[in-house]
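Engineer: got a predicted model here, sequence first, then my questions.
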Amino acid sequence: MALLELDHVTAFYGAVQVLDGVSLSVPDGGAVGVLGANGAGKTTTLRAISGTVRAGGRIRFDGNDIRGLRPDRVASLGIAHVPEGRGTLGDLSVRENLKVGAYLRRDRAAVASDIDYCLDLFPQLRDRIRSTGSALSGGEQQMLAVARAIMARPRLMLLDEASLGLAPGTAKSVYEAIGRLRRESGIAMLVVEQNANLAFTLVDSATVLEIGRNVLSGSTAELKGMDEIRRAYLGG
Amino acid sequence: MGTFIQLVVDGLSTGSIYAALALAIVLVNQATGLINFAQGGMAVMSAYIAFAVTSAGVPLIIAILAAVLASFVLGAVIERFLMRKFEGGDPDTAVVVTIGLLTLITGVCAWIWSYNNQQFPSLFPIGTLKLFGAVISIRSIGTILVIVAIMVVLQGLFRGTKLGLALRAVAINPQSAGFSGLPVGRLLMVGWGLAAGLGAVAGALVAPQLTLTPGMMDNALVYALAAVILGGLTSPIGVVVAAWLIGVLENLAAVYLPFIGYDLKIAVPFILIFVVLIVRPQGLFGRKAVVRV
């Protein structure tokens, strides 16, 4: 059974319909990409799941209907949203950001070892552990955002444009770390990304959105073979 | 020398009252990112509650504790049912709402208890102490000690507890904090509640000196805001030190600078603010805000 299932999800910003029936599913431990141009509804799809935008249709997580739940309730069920723009808590130190990530947990010893795991996964953060979030570079902030999500020990991670605004080398190393995280933790992932090449290094399958609805879905290998995908998203 | 010490200690004592109110303002700001102009009015309301309870024959210390508790609930209710509607919107609107709230609360106090001055009993005995040739009232010392204790507790809360960390996280970015499972609404209520409870302490400290009136805290609010700006919005220790500095300097200026005297002494903290802000825009202890575009 799928861990996350979206069935004809709709969403509006005011009178503008942004999602017009998005359907997708993420298997337990799987990784699914959401591709598409600007304004296709990729970010809104993630926001509908995490409860930060009001949505219609059906959203089920682990068999339960989660549509309309408050963001903190959704988080407490095991969904960690790594938002576009990273959501760094700028006045807090790196360590404090990580502790905020573990807010719902009571197992202090395991929290300490998870902090170690994050610093091992993102060694740059270890050197900046006492710096405030706002003093970090864009790449470091993105690493911190992923690390903060790890601290919640989620079953599903929603990743929104983790490569946005990063130098190509930095974006690649962020995705490599996320790939390692996936292999070692088995956390399921729903990955929104404009850079399909990067997304395909991480996901098993993907769906393509155009003006708020799915137009194509398939395994990574299938999509890579399609001409229109190559032209639109893979640079030739 | 005796006069000087006396002026300094009295300055620290009045400064402590500004500090209590300033700490409440910092608390709300740390938890919501807002400046609550109604904090002074809420403190007056709290003092009236303590006054009403103690007038019914309850011992003063218990009446004050009851007022602190009632104020916590009142603050949380104000956040939940009034401020909640304006959070996430234009911060300027929210600030104007707090100014309206100040007027409303002052009016309600006047309506229930009238504008007449009420005698509010002091928590501390009336006696004095001799220190290095100066005569210092026990009330001054007591007031200072209460504020030092609160400052230490608050600093510990923000820097050393999970609740404090959560309050700060929510103030910085409520949505992002929610993604980590922080119950944003409840934390905002707690922040307002704690601030109102702190304001109740300020009200109980100032009421015996000024006598209880609906506008009792108006001046103190101006000084408290000055202390908040001078000390830096992010630092409880900073605002207390700034409030003390203001209390002491205005006392000294009133006596030692004849052209200022008692009439002009309210200008002293503002001259100080101008000078400090030109040199250090983030305040004496505040951290520089980094704005990314």
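Structural biologist: Okay, I see it.
Engineer: please count neighbours and contacts with C-alpha atoms only from this point.
Structural biologist: Fine.
Engineer: which positions in whichever strand or helix holds residue B:187 come out as buried?
Structural biologist: Taking DSSP states H and E as the criterion, residue B:187 maps to helix B:184-210. Across helix B:184-210, burial judged by 16 or more other Cα atoms under 10 Å in any protein chain shown covers B:184, B:187-208.
Engineer: the strand or helix carrying residue B:252: what's the following helix or strand?
Structural biologist: Per DSSP H and E: residue B:252 is located in helix B:236-256. For helix B:236-256, the following helix or strand on the C-terminal side (DSSP H and E) is helix B:261-264.
Engineer: only the buried residues of that following helix, if you could.
Structural biologist: So, applying 16+ other Cα under 10 Å, buried residues of helix B:261-264: residue B:261.
Engineer: tell me the helices and strands packed up against that helix.
Structural biologist: Judged by 3 or more Cα pairs under 8 Å, 6 or more residues apart in numbering or on different chains; DSSP states H and E, the packing partners of helix B:261-264 are helix B:236-256.
Engineer: so for the helix it packs on, mean pLDDT?
Structural biologist: The average pLDDT within helix B:236-256 is 88.
Engineer: that helix near chain A anywhere?
Structural biologist: No - under the criterion of Cα under 8 Å from any Cα of the partner chain, helix B:236-256 makes no contact with chain A; the nearest approach is 15.0 Å.
Engineer: with just CA atoms, put that helix into PDB.
Structural biologist: Listed next in PDB are the C-alpha coordinates belonging to helix B:236-256 (Å, rounded to 0.1, in the frame of the first residue of the first chain):
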ATOM      1  CA  PRO B 236      16.500  40.300  28.300                       C
ATOM      2  CA  ILE B 237      19.800  41.200  30.100                       C
ATOM      3  CA  GLY B 238      20.300  44.000  27.700                       C
ATOM      4  CA  VAL B 239      16.900  45.700  28.300                       C
ATOM      5  CA  VAL B 240      17.300  45.400  32.100                       C
ATOM      6  CA  VAL B 241      20.700  47.100  31.900                       C
ATOM      7  CA  ALA B 242      19.400  49.700  29.600                       C
ATOM      8  CA  ALA B 243      16.400  50.400  31.900                       C
ATOM      9  CA  TRP B 244      18.700  50.800  34.900                       C
ATOM     10  CA  LEU B 245      21.000  53.100  32.900                       C
ATOM     11  CA  ILE B 246      18.000  55.200  32.000                       C
ATOM     12  CA  GLY B 247      16.700  55.300  35.600                       C
ATOM     13  CA  VAL B 248      20.100  56.200  37.000                       C
ATOM     14  CA  LEU B 249      21.000  58.800  34.400                       C
ATOM     15  CA  GLU B 250      17.800  60.700  34.600                       C
ATOM     16  CA  ASN B 251      18.100  60.800  38.400                       C
ATOM     17  CA  LEU B 252      21.600  62.100  38.200                       C
ATOM     18  CA  ALA B 253      20.900  64.600  35.400                       C
ATOM     19  CA  ALA B 254      17.900  66.000  37.300                       C
ATOM     20  CA  VAL B 255      20.200  66.800  40.300                       C
ATOM     21  CA  TYR B 256      23.600  67.500  38.800                       C
END
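Engineer: off-centre distance for that helix?
Structural biologist: 14 Å (Cα atoms, centre = their mean, to the nearest Å).
Engineer: where does chain A get nearest to chain B, which residue?
Structural biologist: residue A:72 (3.9 Å; Cα to the nearest Cα).
Engineer: host element of that residue?
Structural biologist: With DSSP H and E as criterion, residue A:72 is part of helix A:71-76.
Engineer: what sits up against stretch B:188-203?
Structural biologist: B:17-18, B:20-21, B:23-25, B:27-28, B:31-32, B:39-40, B:42-44, B:46-47, B:64, B:67-80, B:167, B:170, B:217 (Cα atoms under 8 Å, 6 or more residues apart in numbering or on different chains).
Engineer: got the CA positions of the helix or strand hosting residue A:184 in PDB?
Structural biologist: For residue A:184, the host element (DSSP H and E) is helix A:168-185. Extracted C-alpha coordinates of helix A:168-185, given in PDB (Å, rounded to 0.1, in the frame of the first residue of the first chain):
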ATOM      1  CA  PRO A 168      25.900  23.500  -9.600                       C
ATOM      2  CA  GLY A 169      28.600  21.800  -7.600                       C
ATOM      3  CA  THR A 170      26.800  22.700  -4.300                       C
ATOM      4  CA  ALA A 171      23.500  21.500  -5.600                       C
ATOM      5  CA  LYS A 172      25.000  18.200  -6.700                       C
ATOM      6  CA  SER A 173      26.600  17.600  -3.300                       C
ATOM      7  CA  VAL A 174      23.300  18.400  -1.500                       C
ATOM      8  CA  TYR A 175      21.600  15.800  -3.700                       C
ATOM      9  CA  GLU A 176      24.300  13.300  -3.100                       C
ATOM     10  CA  ALA A 177      23.900  13.700   0.700                       C
ATOM     11  CA  ILE A 178      20.100  13.300   0.300                       C
ATOM     12  CA  GLY A 179      20.700  10.200  -1.700                       C
ATOM     13  CA  ARG A 180      22.900   8.800   1.000                       C
ATOM     14  CA  LEU A 181      20.200   9.700   3.600                       C
ATOM     15  CA  ARG A 182      17.600   7.800   1.500                       C
ATOM     16  CA  ARG A 183      19.800   4.700   1.300                       C
ATOM     17  CA  GLU A 184      20.600   4.700   5.000                       C
ATOM     18  CA  SER A 185      17.300   5.700   6.500                       C
END
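Engineer: what residues sit buried inside it?
Structural biologist: Those would be A:170, A:171, A:172, A:174, A:175, A:176, A:177, A:178, A:179, A:181, A:182, for helix A:168-185 by 16+ other Cα under 10 Å.
Engineer: so what's the predicted local confidence for the first one?
Structural biologist: If I follow you right, that is residue A:170. So residue A:170 comes in at 95 (pLDDT).
Engineer: where exactly do the strands run in the stretch 1-150 of chain B?
Structural biologist: For the stretch 1-150 of chain B, the strands defined by DSSP state E, counting those that start in this stretch occupy B:128-131, B:134-137.
Engineer: helices or strands up against the first one?
Structural biologist: Here strand B:128-131 touches strand B:134-137, going by 3+ Cα pairs under 8 Å, 6+ apart.
Engineer: contact partners of the strand it packs on?
Structural biologist: By Cα under 8 Å, 6+ apart, strand B:134-137 touches B:1, B:2, B:3, B:5, B:6, B:9, B:10, B:126, B:127, B:128, B:129, B:130.
Engineer: tell me which strands that strand pairs with, and in which orientation.
Structural biologist: Applying DSSP bridges, strand B:134-137 is found paired with strand B:128-131 (antiparallel).
Engineer: shaky segments in chain B?
Structural biologist: Confidence mapping of chain B against pLDDT under 70 gives the ranges B:1, B:286-293.
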